[in-house]
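S.K.: Let me see the structure of the following:
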Amino acid sequence: DTFFNPDSLAKLKDCGVYVLDSPSDIIPAALKYLGLDPNSTSPDDIAKAEEALLKIRPYIRKFHSSEYINALANGDICLAVGWSGDVFQARNRAVEAKQ
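M.R.: Numbering: from 1, shown residues only. The predicted model follows:
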């Protein structure tokens, strides 16, 4: 709920939010958040997902498929939507660097 809720995400804007640059992952996540079939190809459903994403766009600093790893590890951002393996890698790097 934090990521797709504009009010919640707005509170994290200053500390930084990065999002995976992968529409094939983010659109289904938006559909699921909306209670729709994440595999839907319905134009109406996709439009609803687009609307949800546009509401949170002002609070996202960057879309990238790998930079969020170092940004998380270094404490440059406080939230990333990414792949779990990358997030674990960021955690491990942060621990090693005593971040």
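
S.K.: Name the nearest residue to the most centrally placed residue in the chain, ignoring sequence neighbours.
M.R.: Computing the C-alpha centroid of the chain and ranking residues by C-alpha atoms, centre = their mean puts residue 81 first, at 2.9 Å. Sequence neighbours aside, residue 19 is the residue nearest to residue 81 in space, at 4.7 Å (criterion: C-beta to C-beta, 6 or more residues apart in numbering). Just so you know, the C-beta spots here come from the backbone N, C-alpha and C atoms, and that holds for glycine as well.

S.K.: Might you report the residue contacts of that neighbour?
M.R.: Residues in contact with residue 19 (C-beta atoms under 8 Å, 6 or more residues apart in numbering) are 26, 60, 62, 63, 68, 80, 81, 82.

S.K.: Okay, now the unreliable bits of the protein?
M.R.: Residues of the chain that meet the criterion pLDDT under 70 are absent altogether.

S.K.: Going along the chain, name the strands of it.
M.R.: Assigned by DSSP state E, the strands in the chain fall at 17-19, 62-63, 79-81.

S.K.: quick one: contacts for residue 33?
M.R.: For residue 33, the contacting residues are 1, 4, 52, by C-beta under 8 Å, 6+ apart.

S.K.: Only alpha carbons, please: show stretch 33-49 as PDB.
M.R.: What follows is stretch 33-49, C-alpha atoms only, in PDB (Å, rounded to 0.1, in the frame of the first residue of the first chain):
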ATOM      1  CA  TYR A  33      -3.000  -3.300  -6.100                       C
ATOM      2  CA  LEU A  34      -6.200  -2.200  -7.800                       C
ATOM      3  CA  GLY A  35      -7.800  -5.600  -7.300                       C
ATOM      4  CA  LEU A  36      -7.600  -6.500 -11.000                       C
ATOM      5  CA  ASP A  37      -6.100  -9.500 -12.700                       C
ATOM      6  CA  PRO A  38      -2.400  -8.800 -12.900                       C
ATOM      7  CA  ASN A  39      -2.300 -10.600 -16.300                       C
ATOM      8  CA  SER A  40      -5.100  -8.500 -17.800                       C
ATOM      9  CA  THR A  41      -4.700  -7.000 -21.200                       C
ATOM     10  CA  SER A  42      -8.000  -5.200 -21.100                       C
ATOM     11  CA  PRO A  43      -7.500  -1.600 -22.300                       C
ATOM     12  CA  ASP A  44      -9.800  -0.400 -19.500                       C
ATOM     13  CA  ASP A  45      -7.700  -2.200 -16.900                       C
ATOM     14  CA  ILE A  46      -4.400  -0.900 -18.400                       C
ATOM     15  CA  ALA A  47      -5.900   2.600 -18.300                       C
ATOM     16  CA  LYS A  48      -6.700   2.200 -14.600                       C
ATOM     17  CA  ALA A  49      -3.100   1.000 -13.900                       C
END
